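>>> predicted model and sequence follow; I will ask about them next.
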Amino acid sequence: MESFLSDKWDVKAKHTSEEALQRWRELCGVVKNPKRRFRFTANLTKRYEAAAMRKTNQEKLRIAVLVSKAAFQFIQGMQLNDYTVPEEVQAAGFQICADELESIVEGHDVKKLKFHGGVMGIADKLVANCSDGLSTDNEALNRRRGIYGINKFQESEPQSFWTFVWEALHDMTLVILGACAIVSLIVGIPTEGWPKGAHDGLGIVASILLVVLVTATSDYRQSLQFRDLDKEKKKISIQVTRNGYRKKMSMYHLLPGDIVHLSIGDQVPADGLFLSGFSVLIDESSLTGESEPVMITAENPFLLSGTKVQDGSCKMLVTTVGMRTQWGKLMATLSEGGDDETPLQVKLNGVATIIGKIGLFFAVVTFAVLVQKIITRKWQEGTTTKWSGDDALELLEYFAIAVTIVVVAVPEGLPLAVTLSLAFAMKKMMNDKALVRHLAACETMGSATNICSDKTGTLTTNRMTVVKSCICMNVKDLSNPDYASTLASELPQSVVKILLQSIFNNTGGEVVVRRRGKHKLLGTPTETAILEFGLLLGGDFQAERQSCKVLKIEPFNSTKKRMGVVLELPGGGVRAHTKGASEIVLAACDKVINSDGEVVPLEEAAMNHLNTTIDQLASEALRTLCLAYMELENGFSADKDIPSSGYTCIGIVGIKDPVRPGVRESVALCQSAGVTVRMVTGDNINTAKAIARECGILTNDGIAIEGPVFRSKTLEELNELIPKIQVMARSSPLDKHTLVKHLRTTFDEVVAVTGDGTNDAPALHEADIGLAMGISGTEVAKESADVIILDDNFSTIVTVAKWGRSVYVNIQKFVQFQLTVNVVALTVNFYSACRTGSAPLTAVQLLWVNMIMDTLGALALATEPPTDELMKRSPVGRKGNFISAVMWRNILGQSLFQFIVILFLQAYGKSFFRLHGCPDSDLVLNTIIFNTFVFCQLFNEVNSREMEKIDVLDGILDNSVFLMVVGSTFFFQIIIIEYLGTFASTTPLTFFQWIVCIFIGFLGMPIAVALKKHVPVQT
């Protein structure tokens, strides 16, 4: 089937072009209900609107920057207009309105900013304290909300259940059948009287209403699931100071006047003004499309909502929130753009189109054969020119059958089953601590052949403590917290002083005092471990920070693998501190503090001792950091770079980060499932190897390599080396990106990559599945990712892979089931029409069959939970056929069985059930055929639970949805046969006839076993 699909039906799992998305839509033919078929696909019109808005923003900001520069040059000589504060704003206690704030920041209006007294003037007019933040008094906050609004974006109203009912009624074939029902009523009632003449018409109407209600209910439930998941995706927490205390808060609770703390990788949560900070670079590409980052300073203090902090850190005063920001307006448009459709959705749309065309052909031929039967009969009777009401009803019934064949033949449910299965999986994965941002990631993860994982926080617990140190050339065990205070008493006071100065000033973290005087450590686990070590040494964070003036900060950089700060000392003089990867910082040192606390040249013996110490700590699976300082000349300019060499080594610390429980088992499970796990880390190679061995990643025939060595290799060497690499240490973001790209392109692997930092974004973007860390990950990393691992645990990644495989297999099960029904329904009705001149299954019966195989079948099979068996199979990889040979064997085998059964019943059914003397023998036989056909589908639904495994009942009791669907189908089948005969063209059956129908349906199960055992196919 897939071989009939051209390349035009191929879309990528990620970064598909708008042209490709548009192309397959144009190829879709025989679409019964476009509103439903394309509901869960990208809205390209809205996307074009968003792109146009970005272009407008880019032009507006470009003009604003030019204007602000000109204004800045001439501001002294300009006469400023007066600004009148609106009465309601004054009454609320503020001195500036929301519109004025919006025009200042969005328009980069330096002139207006200066007029209002600069940033501090704006803060005063907003009644905001730049050090303590807003008060948490509810009345004051509500007053502020009333004037300035809330930080929420306008979203489209959720669709009601009746909207889905209305959309389900747009099915073209149901509309035609409805028209047939109306004509049937108009002709039937005058011809045959009431109520007999209304039975056929009312039966079709009732069937249509049932199909519409079941379809609408299923679609409505899906939409609610997607809406819940969408809310989870948009949850962003930020650091805010309120009432003098720093805390985490949802960005949606922000108000103008709030003081927000931003650092690398954060998303700017609202429009605002820069208060203080260092080296702040902002990426505005999400808002304007401009790739060049913007430097934010006191001269250019404008921060726009939705942009990302690329470098540095700062404090920001919030000025404008929600729909008053350009980001809010853009988000309102983007939210209607929808997710890209997944490759399986598109592929199954293609399959549905091909089968739909075949079905349409068969429907036309069937109708032609049935019409030919009427014309032939009337020709023989000599009544060709005389047409009665009965003839019109018969013709109408044949037309309804032809239309219903199209209803059954066009498998509209195929692409929608993908959405149903993905929605179910995404909801369940949320419970398993994985938030799926892009639908296609669920699909692709099931095909993953490689996982490139970070070490810190993913394979390890991310709860770090300093357990060893080498200060003044002496190695000390610090595994007990009391040992740190002992160390402080043993070291010379001058060394303790400079060590604490380094720890508390050269950090990206912070020690904040909470209520009741408790300390709270903020920052990365590495930073908090070092800060905790400083506190245990007896240090005072606030006193140390206030004693020195910071002249320049260079935040940690994953390329340089170190960070630095320049301080102006209280007694005069300037000092630089650096901290980072031990071997890199040590290489920048030419002096060291000896055991007497004196600064001495770093000679070869001392260097060897320190390098041996680093290797020893690393071999114990400890992360090592080196701290160093150097004296600088007075008059250091912040424009200069912090020196890269000439430092004095203070010491080395070893930080323990234990391996997470269950990681070794999860890695083993991946390996048994044919998924290669590689560790990519910025840590020392010995630390990485020790952890990798503990996790079971590094084996005897695997290679551990350092980033600098990796990037020095030629292309030929890389092609030979990459399949063997199990550990990459001291890697840069570019190394990770290169590894992923080679695995995907050269080796055609399906690669999942984990990342948490801003610099991981390129690798996450490049990978087939980007996995960002929910706890330690930056907003930039999360936005580049396809799945967010909420607990940062490697075992959760394995769960995602299991769910990915489950989605893929579940959709295969449903496709196998639906194609079987398609094949049988088409061939039976077509063959019967050609052979006997009548169709054994009426329009109402076919509508019921359609509902069993479409909505109910998808519910039953597309929502099977994953099993451990899934992780014992090899991954599908990039080029696996979705409709496999195994599926074709099962489809054709079951179709042949069902076709033979129905032919047998048509030919010998009357004799077998002794119906020859019965007045309604044809009606009884057709009821038996319909009943048998439905039970064949019911048992085939059970068969479809397993495509290769013989025991199809394994775990069936764990799937309540499946049991409910099968049970309700069985119940309603009894109702249709026994009590709705007038409308469904059926008649009650005897107990014996019921048993035979059920038994024939059950025969499909042993036949399925025989097919699996005796008809081998290549898998």
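Now that the structure is in, tell me what you want to look at.
>>> okay, CA-based contacts and neighbour counts for the rest of this
Noted.
>>> I'd like the average pLDDT over stretch 263-274.
Across stretch 263-274, pLDDT averages out at 89.
>>> restricting to C-alpha, output it in PDB.
The C-alpha trace of stretch 263-274 is given here as PDB (Å, rounded to 0.1, in the frame of the first residue of the first chain):
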ATOM      1  CA  SER A 263      19.600  34.500  33.800                       C
ATOM      2  CA  ILE A 264      20.900  32.500  30.800                       C
ATOM      3  CA  GLY A 265      18.200  30.500  29.000                       C
ATOM      4  CA  ASP A 266      15.200  32.300  30.600                       C
ATOM      5  CA  GLN A 267      12.300  33.600  28.600                       C
ATOM      6  CA  VAL A 268      11.500  37.200  29.300                       C
ATOM      7  CA  PRO A 269       8.000  36.800  30.800                       C
ATOM      8  CA  ALA A 270       6.600  40.300  30.200                       C
ATOM      9  CA  ASP A 271       7.700  43.700  28.700                       C
ATOM     10  CA  GLY A 272       9.900  45.500  31.100                       C
ATOM     11  CA  LEU A 273      13.000  47.700  31.900                       C
ATOM     12  CA  PHE A 274      16.500  46.700  32.800                       C
END
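>>> pull the residues that contact it.
105-106, 119, 151, 238, 251, 254, 262, 296-298, 301-322, 325, 757-758, 778-781 (CA atoms under 8 Å, 6 or more residues apart in numbering).
>>> check which element follows the helix ranked longest in the chain along the chain.
The longest helix of the chain (DSSP state H) is helix 794-836. Where DSSP states H and E defines the elements, the next helix or strand beyond helix 794-836 is helix 843-851.
>>> flag every buried residue along that next one.
Ala843, Val844, Gln845, Leu846, Leu847, Trp848, Val849, Asn850, Met851 (16 or more other CA atoms under 10 Å).
>>> cool, and stretch 694-710?
Cys695, Gly696, Ile697, Leu698, Ile703, Ala704, Ile705, Glu706, Gly707, Phe710.
>>> cool, stretch 252-269 as well?
252, 254-269.
>>> let's see which of those end up in strands.
Per DSSP state E, strands hold the following members of the buried residues of stretch 252-269: Ile259, Val260, His261, Leu262.
>>> I figured the third one was touching Met316, is that so?
Yes. Between His261 and Met316 a contact is recorded at 6.4 Å, counting by CA atoms under 8 Å.
>>> wait, a helix at Gln154?
No. Per DSSP: H, G, I helix; E, B strand; the rest coil, Gln154 lies outside any helix segment and is coil.
>>> my read is that it contacts Gly328, right?
Yes. Assessed by CA under 8 Å, Gln154 is found in contact with Gly328 at 7.4 Å.
>>> and the two? Which one has more around it.
Legend: neighbour count by other CA atoms under 10 Å for Gln154 and Gly328, higher for Gly328 (21 against 14).
>>> for that one, give me its contacts.
Neighbours of Gly328 in contact, by CA under 8 Å, 6+ apart: Lys152, Phe153, Gln154, Ser305, Gly322.
>>> switch the cut-off to 6 Å
Neighbour list for Gly328: Phe153, Gly322 [criterion: CA atoms under 6 Å, 6 or more residues apart in numbering].
>>> wait, a helix at it?
Yes. The assignment for Gly328 is a helix, going by three-state DSSP.
>>> hmm, back to that, could you identify the most distant pair in the buried residues of helix 843-851?
Greatest spatial distance among the buried residues of helix 843-851 (CA to CA): Ala843 and Met851, at 12.4 Å.
>>> what sits against Gln345?
Pro415.
>>> mind redoing it with 7 Å?
Pro415, Val418 (CA atoms under 7 Å, 6 or more residues apart in numbering).
>>> repeat for Glu620
Ala690.
>>> count of residues packed around Lys378?
Other residues close to Lys378 by other CA under 10 Å number 16.
>>> please, which helix or strand holds it?
helix 343-381.
>>> list the contacts of the helix or strand just after that helix.
Using DSSP H and E, the next helix or strand after helix 343-381 towards the C-terminus is helix 389-409. With contact meaning CA under 7 Å, 6+ apart, helix 389-409 is reached by 173, 177, 180, 184, 187-188, 191, 355-356, 359-360, 363-364, 366-367, 370-371, 822, 826, 842-843, 846-847, 850.
>>> related to what we said a few turns ago, helices or strands up against the longest helix of the chain?
If you count contacts as 3 or more CA pairs under 7 Å, 6 or more residues apart in numbering; DSSP states H and E, helix 794-836 packs onto helix 343-381, helix 389-409, helix 413-431, helix 439-445, helix 663-672, helix 857-861, helix 885-912.
>>> format those as a markdown table; extra columns: distance to Val798.
Output for the helices and strands packed on helix 794-836, formatted as a markdown table (distance: least, CA to CA, whole Å):
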| stretch | distance to Val798 |
| --- | --- |
| helix 343-381 | 22 |
| helix 389-409 | 38 |
| helix 413-431 | 11 |
| helix 439-445 | 10 |
| helix 663-672 | 7 |
| helix 857-861 | 23 |
| helix 885-912 | 26 |
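>>> now do the strands in the stretch 451-600 of the chain.
In the stretch 451-600 of the chain, strands defined by DSSP state E, counting those that start in this stretch lie at 465-471, 474-477, 510-513, 519-522, 549-557, 562-568, 574-581, 589-593, 599-601, listed in chain order.
>>> buried ones in the longest one?
By neighbour count on 16+ other CA under 10 Å, the buried set for strand 549-557 is Val550, Leu551, Lys552, Ile553, Glu554, Pro555, Phe556.
>>> what's the model's confidence in it, averaged?
Strand 549-557 comes out at a mean pLDDT of 85.
>>> which strands or helices does it pack on?
Using 3+ CA pairs under 7 Å, 6+ apart, the elements in contact with strand 549-557 are strand 562-568.
>>> ok and the strand it packs on relative to strand 549-557, angle-wise?
180 degrees (axes from the mean of the first three to the mean of the last three CA atoms, to 10 degrees).
>>> give me the contacts around stretch 742-760.
So stretch 742-760 is in contact with 264-265, 447-454, 733, 740, 764, 767-773, 776-778, 780-781, 877-878, going by CA under 7 Å, 6+ apart.
>>> residues of the helix holding Lys378 that come out buried?
Neighbour counts over helix 343-381 (16+ other CA under 10 Å) mark 343-360, 362-371, 373-374, 378 as buried.
>>> for Met120, grab phi and psi.
Main-chain dihedrals, Met120, degrees, to the nearest 10: phi -70, psi -40.
>>> what about it, how many residues close to it?
Using other CA under 10 Å as the criterion, Met120 is surrounded by 17 other residues.
>>> who's in contact with it?
If you count contacts by CA under 7 Å, 6+ apart, Met120 has none.
>>> ok, and the closest non-adjacent residue to Leu625?
What sits nearest to Leu625 in space, not counting adjacent residues and going by CA to CA, 6 or more residues apart in numbering, is Ser582, at 4.8 Å.
>>> the one you found and Leu273: what is the separation?
38 Å (CA to CA, to the nearest Å).
>>> with Thr867 instead?
With CA to CA as the criterion, Thr867 and Leu273 are 52 Å apart.
>>> of those two, who's got more company?
More crowded of Thr867 and Leu273, by other CA under 10 Å: Leu273, with 28 against 13.
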